[in-house]
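[1] test case, fold it:
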Amino acid sequence: MNRTIRLNKKKKSRLWMELSAAMLAFSLLVLTGCGKGASLPAGKKSEKGYSLPEIMVIAMTEKNRYEEICTDQIWNVTVSDEQEDFASYLTGQIKNFMEELKIMNLLAEDKKMTLSPEERSQMAAAASEYYGNLTSEDIAHMGVSEEDVRTVFEDYCMAEKLVEALTEGIALEVSDSEAKVITLMQAETADRQAAEILSAAASQENADFEKSAGEAGLSVTTRQLGRKEEPQGFENAAFELTSGQVSQVIESEGLYYVLKCVSDYDEEATAARKKVIFEERKRKAFREIYDRFKEEVNLTYSGDPWNKLDLGSGRYAADADFFEIYRKHSGQ
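    Below is the predicted model of the structure:
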């Protein structure tokens, strides 16, 4: 019996990212979006998409990752937004990924970009290791050759190189102020009087915030907060606090909050958030270039590989993780 899970677009994207952490390393591909997406419109150029064996190189890694985390019961899940089984949903995600990988390489070709001899040597070594880890049963199921594997490794490397080249020189700097992360103790309640009692008690010198919250009948959570993660009123009140200070009652979206600032500047978390914001800006800058080029391309396939892609049965290429091998040989 199938389970039905309800996934809005935000939740779908989060599920995809959480279960495909290695794929996320290349976050400028399909992982910026969600769902199956529309087919590419007929454009000025018709280009051949990847073959089924080339698609299988990525598909088997993703299939194995999902099964390792969720067991093979994942294939009994139904994605309710589209009323489709999980295999169909994941096939759509892989299709988006492979189409964007192909188009990025066409864009790199248009920009006269090539891999260096060293990069080609690294990808040849990666392909050799991947293919060497396949059993005869894996090869038969995937229909794959070492040349197919090398093509996917080289294209993945070129796509990363393209992103760096096209975003180089663009102003993407992130200030400490906009990336700043603070650490808070937070009490939340629908009872304004309880919140007022806590605020008054916890503001006393040397008061224990958690003890005061307990006396007011409230529990406390400790959290980190960055800009634009909460409604503006809540954010403003939180970021006005200095270390050790307790807030007045904050009303936000029908609830009442009292905060104690544990740290008004978490250096490690701020550095991590700065990196995330930087990558988001890089992604946006690249997508503007990519999207214009994409409209000029129409991908075609031989033999309808997407209907032949089998994700729901058997376990193949268990010892050949594309993304782990790529990281190893690319020096990441």
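
[2] from here on, contacts and neighbour counts on C-alpha atoms
    Will do.

[3] next, the buried residues of the helix or strand encompassing residue 287.
    Assigned by DSSP states H and E, residue 287 falls within helix 267-294. By neighbour count on 16 or more other Cα atoms under 10 Å, the buried set for helix 267-294 is 269-270, 273-274, 277-278, 280-283, 285-287, 290, 293-294.

[4] same check, this time on stretch 296-303
    Those would be 297, 298, 299, for stretch 296-303 by 16+ other Cα under 10 Å.

[5] try stretch 140-158
    141-142, 144, 148-158.

[6] ok, which stretches of the stretch 1-150 of the chain are helices?
    9-19, 21-24, 52-70, 86-110, 117-132, 136-142, 146-167 (DSSP state H, counting those that start in this stretch).

[7] could you export the fifth one as CSV, CA atoms only?
    Included here for helix 117-132 are C-alpha records, laid out as CSV according to Å, rounded to 0.1, in the frame of the first residue of the first chain:
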residue,chain,number,x,y,z
PRO,A,117,45.0,18.7,-20.0
GLU,A,118,45.2,18.4,-16.2
GLU,A,119,41.4,18.5,-15.9
ARG,A,120,40.9,15.9,-18.6
SER,A,121,43.5,13.6,-16.9
GLN,A,122,41.6,14.0,-13.6
MET,A,123,38.3,13.1,-15.2
ALA,A,124,39.8,10.2,-17.0
ALA,A,125,41.1,8.9,-13.7
ALA,A,126,37.6,9.4,-12.1
ALA,A,127,35.9,7.6,-14.9
SER,A,128,38.4,4.7,-14.7
GLU,A,129,37.7,4.4,-10.9
TYR,A,130,33.9,4.6,-11.4
TYR,A,131,33.9,2.0,-14.2
GLY,A,132,36.3,-0.2,-12.3
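
[8] which residues touch that helix?
    145-147, 149-150, 153-154, 157, 320-322, 325-326, 329-330 (Cα atoms under 8 Å, 6 or more residues apart in numbering).

[9] run the last query once more with 7 Å
    With contacts defined as Cα atoms under 7 Å, 6 or more residues apart in numbering, helix 117-132 is touched by 146, 149, 150, 153, 154, 320, 322, 325, 326, 329, 330.

[10] go through those residues and say which is closest to residue 113.
    residue 154 (12.4 Å; Cα to Cα).

[11] would residue 241 count as being in a strand?
    No - using DSSP: H, G, I helix; E, B strand; the rest coil, the assignment for residue 241 is coil, not a strand.

[12] distance of it relative to residue 247?
    7 Å (Cα to Cα, to the nearest Å).

[13] quick one, which of the two is more surrounded?
    Higher neighbour count among residue 241 and residue 247: residue 247, with 22 against 19, using other Cα atoms under 10 Å.

[14] contacting residues around the closest residue to that one other than its chain neighbours?
    Nearest-residue entry for residue 247: residue 259, 5.3 Å, with adjacent residues in sequence omitted and distances by Cα to Cα, 6 or more residues apart in numbering. Residue 259 is in contact with 184, 185, 186, 187, 246, 247, counting by Cα under 7 Å, 6+ apart.
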